[in-house]
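[1] fold the following and give me the result.
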Amino acid sequence: MPGVTHDDAPPLADLMPWSVAPLRLGRGWPTAPDPATLKARWEALLRAEGPDRAALFEPTRARTVHSAVPQLPGRAAGTERLEQASGPAADPVRVLAAPFDEQWLIPDHRLIDAARPELWRVADGHQVFTVESTEGMPLLVTSLVPTVRAGRVRPLYRRPGGEEPNLAPGLLAHLTDLLGRALTPLDLLAWTLTAIRPDHTVPLTADPDLWSRGVELGHRALWLLRRDGERPKLPGGRRPYVRAPLPSRPLTIRYDPEEEALHLDEGRISPVPPEAWEFRTGETRALEAWFTARTAEPAEPAEPGTLAALTPATWSQSWTSELLELITVLALLAEVRERQAELEITAPITAKDLRDADVLPPPDASRRPASVLEHAEEGPAGQLTLL
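    You can find the predicted model right below:
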């Protein structure tokens, strides 16, 4: 991707004005790589009573078992205080817990210090969340609610159903006039994913051919990052397969570059392209981080007797499928990143150009969430929340 320069490229914060601070969970145990672990943790919490339940919960200044909070929008969870809770946990949902690591979360407002309800109100099958990052990839993209510890979250749409793009008013129309072609919000996001720099500025271009190439690469990256359509595949002969069965609980992972093989203890997966193994989002290899999240012994404060100490007993078949797909995604995405880095932005559209066209700065109202009143929301103790 293009490096940092001082050429008056507009900042992402002006192109996608509405942003939300990242979620702050406050405790690690409501998230896990599999839903069965979350069910076991919830049941262990409910078996405890009084001070024991309060301690297991891991209270903070924002949340204790006595906190009275409403449901998360669109999620069915209890609203009685946790000290009185007795029913089943809310159905776990998939979230982006870390770069390239989709895990499960109990979507219960009582368990999360800062859940950012405004994000949950617009989370649906049309939504695309972007997350500002500083670890190797300036921008993460996901169709899931992100719980990753990173920067500001910018939804592509301000309302459910893919309504009202979170873009500076007039930006799409202005670019359409300059480029001579109709643009969609996803097109602009695709270009952004191709061109964004580490300082979160986004060079724009008035060159239609360059724009088309950048958007094509960005759409491919979006498809790989979101993984909500046809499953990605490497060419025949390059697709990874399990060559030796994976153990019930592998503890080590290593890569053999000569064999292009990934070894999980005595288990073996190949071929694994070196680009997939070396793919990093900072100092850490993405594959190693994903593996560690599923196999590492709990670190402090996950001592015996805590909910976080309840972890999966064995490696699941679903993880093997996820790992094979992640290898594929990283290999294909490495190719896209290489091609993106080769693009040289010409015919730039600067922030001054957008100011002269009255596109920037975006109005203050565009930096605030839209009023979303699609359904009633249950407040504490079953009362309705007034928005």
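[2] wait, residue 146 sits on residue 95?
    Yes - look at residue 146 against residue 95 with Cβ atoms under 8 Å: they come within range, at 6.8 Å. (C-beta placed from N, C-alpha, C; glycine too.)
[3] more neighbours: which of these two?
    Neighbours of residue 146 and residue 95, each counted by other Cβ atoms under 10 Å, are more numerous for residue 146; the result is 25 against 22.
[4] could you find the closest non-adjacent residue to that one?
    If the residues on either side of it in the chain are set aside, residue 146 comes closest to residue 96, at 4.4 Å by Cβ to Cβ, 6 or more residues apart in numbering.
[5] surely that neighbour meets residue 105?
    No - assessed by Cβ under 8 Å, residue 96 is found out of contact with residue 105, at 10.0 Å.
[6] any residues in contact with both of these two?
    Overlap of the contact sets of residue 96 and residue 105 (by Cβ atoms under 8 Å, 6 or more residues apart in numbering) consists of 145, 147.
[7] hang on, the earlier thing: which residues sit in contact with the residue nearest to residue 146?
    102, 129, 131, 140, 142, 144, 145, 146, 147, 148.
[8] so which of the residues you listed is the most crowded?
    Those, ranked by neighbours (other Cβ under 10 Å): first place residue 146, 25 neighbours.
[9] distance of that residue relative to residue 174?
    Counting by Cβ to Cβ, to the nearest Å, the gap between residue 146 and residue 174 amounts to 29 Å.
[10] and residue 320, what helix or strand is that in?
    For residue 320, the host element (DSSP states H and E) is helix 317-341.
[11] that should have said residue 189, apologies.
    Assigned by DSSP H and E, residue 189 belongs to helix 185-195.
[12] got the CA positions of that helix in CSV?
    These are the backbone C-alpha positions of helix 185-195, laid out as CSV (Å, rounded to 0.1, in the frame of the first residue of the first chain):
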residue,chain,number,x,y,z
PRO,A,185,-20.4,2.8,-1.2
LEU,A,186,-18.7,-0.6,-1.5
ASP,A,187,-16.7,0.7,-4.5
LEU,A,188,-15.4,3.6,-2.4
LEU,A,189,-14.6,1.2,0.5
ALA,A,190,-12.7,-1.1,-1.9
TRP,A,191,-10.6,1.8,-3.2
THR,A,192,-10.0,2.8,0.4
LEU,A,193,-8.8,-0.7,1.3
THR,A,194,-6.3,-0.5,-1.6
ALA,A,195,-5.0,3.0,-1.1
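[13] that older thread, gap between the helix holding residue 320 and the chain center?
    Between the centre of helix 317-341 and the centre of its chain there are 15 Å (Cα atoms, centre = their mean, to the nearest Å).
[14] now do the phi/psi pair for residue 269.
    When quoted as degrees, to the nearest 10, the phi and psi of residue 269 stand at phi -120, psi 130.
[15] doesn't residue 325 make contact with it?
    No - here residue 269 lies out of contact with residue 325, judged by Cβ under 8 Å, at a distance of 11.8 Å.
[16] quick one: which of those two has more around it?
    Neighbours of residue 269 and residue 325, each counted by other Cβ under 10 Å, are more numerous for residue 269; the result is 20 against 15.
[17] so the more buried one bridges to which residues?
    The partner list for residue 269 in beta bridges (DSSP bridges) reads residue 242, residue 262.
[18] and it, what does it touch?
    Contact analysis of residue 269 by Cβ under 8 Å, 6+ apart lists 240, 241, 242, 243, 246, 261, 262, 323, 324, 327.
[19] so what does the helix holding residue 189 touch, helix or strand wise?
    Contacting helix 185-195 under the criterion 3 or more Cβ pairs under 8 Å, 6 or more residues apart in numbering; DSSP states H and E are the following elements: helix 12-15, strand 139-142, helix 171-179, helix 208-226.
[20] and stretch 33-45, what's buried?
    The neighbour-count check on stretch 33-45 (16 or more other Cβ atoms under 10 Å) flags 33, 34, 35, 37, 38, 39, 40, 41, 42, 44, 45 as buried.
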